[in-house]
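1. What follows is a predicted structure for the sequence shown.
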Amino acid sequence: MEMYLKDREEVQNASKKPNPILDEVLGDSRLMAILNGLGADKKEIEDHLSLLATYLDQRDAEEDPKLPAPYPGLKMTLGLDSSGHLCAYFGPNDENKRKLLIEANYLYRDFPDEWVKLTPKALKGERYKAIRNEIGKTMKKGKPWVFVRGESGSGKSQYLAAISNYFAENGATVCFMNANQRFDELKTLALKNRDKFLSNMEALKACKVMVIDDFGNEYKSEYVRDQILMPILSERSRAGLKTYFTSQYSIDEIKTLYSLHGSTLEGSKVSKIIERNIEKEVNLEPGMESFSRR
C-alpha cells in the first residue's frame, strides 16, 4: 500500500497541532518506502511516531558516527509484531558483526579490545607502510613463519594483530598469545590438570595461524622449552602452519636465552627451527623506516 500526497495530508490534518516529528517521518523517502512495504497505514504511523523517530536517530548515527546513537553498537530494523503492529528488532551492527566473527575464531587474543577493529590497510603512516612492506616481502617468499624483532613501541605487535584479525575474519582459527602469560599458564596447567594441558597443547599445535608475542620475555626453564615451546614449534613446522613471532631479541639472542645451564645444543634447537622456517629476520629499529638482515 503506497502512501500518496493525499494520504499524507489526511494524516497531517488529523493532528490537532503541527507535528514536526510526523513531518520528518512523512518527508523521509527511505523510511516511507519501508513503511509502505510493511503495509503501515496512517493511523499506524501516528501511533508509533516515537518508535519511528528513534529509528531515524539510530539510522543517522549509523551513517555518521559523530552523531549520538540511541542504541550504540546495534542495528535497528523495523518490522511487524505478531499482532501486525510496527515494532523494532535489534541486532549487532556491521562493525560489531565483524568483531563477533573475528573473536569467535580466536583461541587466545592477547591484545587490547580496540585492536580488534584493525586491518593491515587501516594502519596509516610511513612507519606502518614500512612495516607492511618489510613483512609483506618475507611472506611472499613462501616461508610459513615470520620473526619480527623490534623494541617496545615499534609497531610490531599491532601490525601482527591486524594480520591476525584478517585471518580470523576469513574463518581461520587464530592464536595471538603473549609468551610470558600463556607459557606460564600452560606450565601450571600441566601440574594441575594434565588432560586439559594436553588438550590445549593440541589446539595450539593445530591452529591455522599463531602469533607468539613478546617472545623471549617469558620465564625460561627446561620444562617450558622441552615440554611446551619445542613440541608446539616442531608440530607447526612439520605441518607448515603460519607462525609469527614478535620479540625484543634477535634469533641469536633467543638461542642464548634458551641455552640453559650452558647447554647451547638445546638452545640451538629453538633457533634452528625458527631459522629453517623464515625467509629472514625482520628488524625494526627505532627512528628508522625499517631494515632487514638474514
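-> Arrived safely, thanks for sending. Residues are numbered from 1 along each chain as shown.
2. pLDDT score assigned to the nearest residue to residue 132 once chain neighbours are set aside?
-> Distance criterion Cβ to Cβ, 6 or more residues apart in numbering; nearest residue to residue 132, sequence neighbours excluded, is residue 120 at 6.0 Å. Just so you know, the C-beta spots here come from the backbone N, C-alpha and C atoms, and that holds for glycine as well. Here, the pLDDT recorded for residue 120 equals 88.
3. Test my guess that residue 120 contacts residue 163.
-> Yes: judged on Cβ atoms under 8 Å, residue 120 makes contact with residue 163 at a distance of 5.8 Å.
4. ok, back up a step: burial count for the residue nearest to residue 132?
-> Residue 120 has 17 neighbours, counted by other Cβ atoms under 10 Å.
5. quick one, what contacts it?
-> 132, 159, 162-163, 166 (Cβ atoms under 8 Å, 6 or more residues apart in numbering).
6. Check the contact between residue 19 and residue 52; I expect there is one.
-> No: if you go by Cβ under 8 Å, residue 19 and residue 52 don't touch, sitting 11.7 Å apart.
7. follow-up on the earlier one: residue 231 versus the residue nearest to residue 132, what's the distance?
-> 30 Å (Cβ to Cβ, to the nearest Å).
8. quick one: which of residue 19 and residue 52 has more around it?
-> Shown here are residue 19 and residue 52; by other Cβ under 10 Å, residue 52 has more neighbours (25 against 16).
9. which residue packs closest to the more buried one, ignoring adjacent ones?
-> Nearest to residue 52 is residue 25, by Cβ to Cβ, 6+ apart, at 4.9 Å.
10. Give me the helices and strands touching the helix or strand containing that neighbour, please.
-> According to DSSP states H and E, residue 25 maps onto helix 20-27. Judged by 3 or more Cβ pairs under 8 Å, 6 or more residues apart in numbering; DSSP states H and E, the packing partners of helix 20-27 are helix 5-14, helix 29-38, helix 42-47, helix 49-63.
11. which residue ranges form the strands in the stretch 151-294 of the chain?
-> 174-178, 209-215, 242-247, 278-284, 291-293 (DSSP state E, counting those that start in this stretch).
12. of those strands, which approaches residue 195 most closely?
-> strand 174-178 (19.7 Å; Cβ to Cβ).
13. Name every strand pairing with the closest one and say which way it goes.
-> strand 106-109 (parallel), strand 209-215 (parallel) (DSSP bridges).
14. Out of the strands of the stretch 151-294 of the chain, the one nearest residue 199 is which?
-> strand 174-178 (13.9 Å).
15. and for that closest one, what are the contacting residues?
-> Strand 174-178 has contacts (Cβ under 8 Å, 6+ apart) with 105-111, 160-161, 164, 167-168, 203-204, 207-214.
16. Stretch 255-267 now?
-> 216, 220-222, 225-226, 229, 249, 254, 268, 270-271.
17. What of stretch 68-84?
-> By Cβ under 8 Å, 6+ apart, stretch 68-84 touches 34-35, 38, 51-52, 54-55, 57-59, 61-62, 86-96.
18. hmm, 6 Å instead?
-> 34, 38, 54-55, 57-58, 61, 87-91, 93, 96 (Cβ atoms under 6 Å, 6 or more residues apart in numbering).
19. Now do the SS call for the most centrally placed residue in the chain.
-> Centroid-nearest residue in the chain: residue 116, 3.1 Å away (criterion: Cα atoms, centre = their mean). Recorded secondary structure, residue 116: helix (DSSP: H, G, I helix; E, B strand; the rest coil).
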